[in-house]
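Enquirer: with the input below, show me the fold.
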Amino acid sequence: LYNAGSTSVKLAGWHLTDDFSKPEKWTFPDTTIKPGGFLLVWCDNDPGDGPLHATFKLDADGEQIALVDPEGNVVDSLTFGPQQTDVSYGRMPDGGTTWQAFTRPTPGWSNTVSSVAEVSGDPVAPRFHRLVQVWPNPVSLRRGNLTVAVAGRVRPAGFVLEVYDILGRRLGVRVLRRTKTHVSLADLLGPAPPGRYFFRVRIGPQAEVIRVVVLP
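Expert: Residues are numbered from 1 along each chain as shown. You can find the predicted model right below:
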């Protein structure tokens, strides 16, 4: 979700649903989106993973989803077709009326021109080569570290690695100066528990986000 307004939006009492006959299928927790801010909600039917995990799962073969206000009015909705792994579908520009396929998904951040798939009608969006790789993934806290590697050359200034939790909070940031670097989980996550995290790598104007699962 994106807040295109100039004031914060409180979502307590609002709902998401994939069944228009049940507009209150999942209710937002007491959370706020700041002006120009983003909020990531996992529609994966895994509420035990956190407060922003909805109690329904979107169908990869296509279906519908709606944002519903506290009075039960549908404020926004979308019907979408079959989806592809690692290809997202969103508005371009942010808050606009045009929907595009994105071959470089940016969950929790702005949709960018460089990530838009060249598509028309209902074709299959092209696959892409990742800018960055992180392994092992999943990774165990007991292992202590993982490897981050980027494609191509790294500028002398290096590249930036940021780590976010599922609520969009930044837990750590590092500037790395080699194309292949071993990093400490303790340095990146601090006291954070096992779970799902987002590793965002920025190299100049390019950026990529990878979901990393951290096990006990």
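
Enquirer: and stretch 78-86, what's buried?
Expert: Gln83 (16 or more other C-beta atoms under 10 Å). To be clear about C-beta, it is placed using only N, CA and C from the backbone, and glycine gets the same treatment.

Enquirer: ignore the last one, stretch 182-189
Expert: Residues of stretch 182-189 classed as buried under the neighbour-count rule (16+ other C-beta under 10 Å) are Val183, Leu185, Leu188, Leu189.

Enquirer: and the contacts of it?
Expert: Stretch 182-189 has contacts (C-beta atoms under 8 Å, 6 or more residues apart in numbering) with 139, 141, 143-148, 161, 163, 171-172, 174, 176, 197, 214.

Enquirer: by contact count, what packs against the lowest-mean-pLDDT helix or strand in the chain?
Expert: Within the chain, no helix or strand scores below strand 99-102, which has a mean of 77 by mean pLDDT, DSSP states H and E. Applying 3 or more C-beta pairs under 8 Å, 6 or more residues apart in numbering; DSSP states H and E, one finds that strand 99-102 contacts strand 88-91.

Enquirer: and the strand it packs on, average pLDDT?
Expert: For strand 88-91, the mean per-residue pLDDT is 84.

Enquirer: quick one: strands adjacent to whichever strand or helix holds Thr181?
Expert: Using DSSP states H and E, Thr181 sits in strand 180-184. Using DSSP bridges, strand 180-184 pairs in its sheet with strand 145-150 (antiparallel).

Enquirer: residues in contact with Arg202?
Expert: Per C-beta under 8 Å, 6+ apart, neighbours of Arg202: Phe159, Val160, Glu162.

Enquirer: of those, just say which sits nearest to Gly13.
Expert: The nearest member of those to Gly13, counting by C-beta to C-beta, is Glu162 at 31.5 Å.

Enquirer: wait, what's in contact with the closest one?
Expert: For Glu162, counting by C-beta under 8 Å, 6+ apart, the contacting residues are Arg170, Gly172, Val173, Phe199, Arg200, Val201, Arg202.

Enquirer: if you set the cut-off to 7 Å instead, what comes out?
Expert: Arg170, Val173, Arg200 (C-beta atoms under 7 Å, 6 or more residues apart in numbering).

Enquirer: buried ones only from the residues you listed, please, as a PyMOL command.
Expert: Here is the PyMOL selection string for the buried members of the contacts of Glu162, based on 16+ other C-beta under 10 Å:
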select buried, resi 200
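
Enquirer: okay then, goodbye and thanks.
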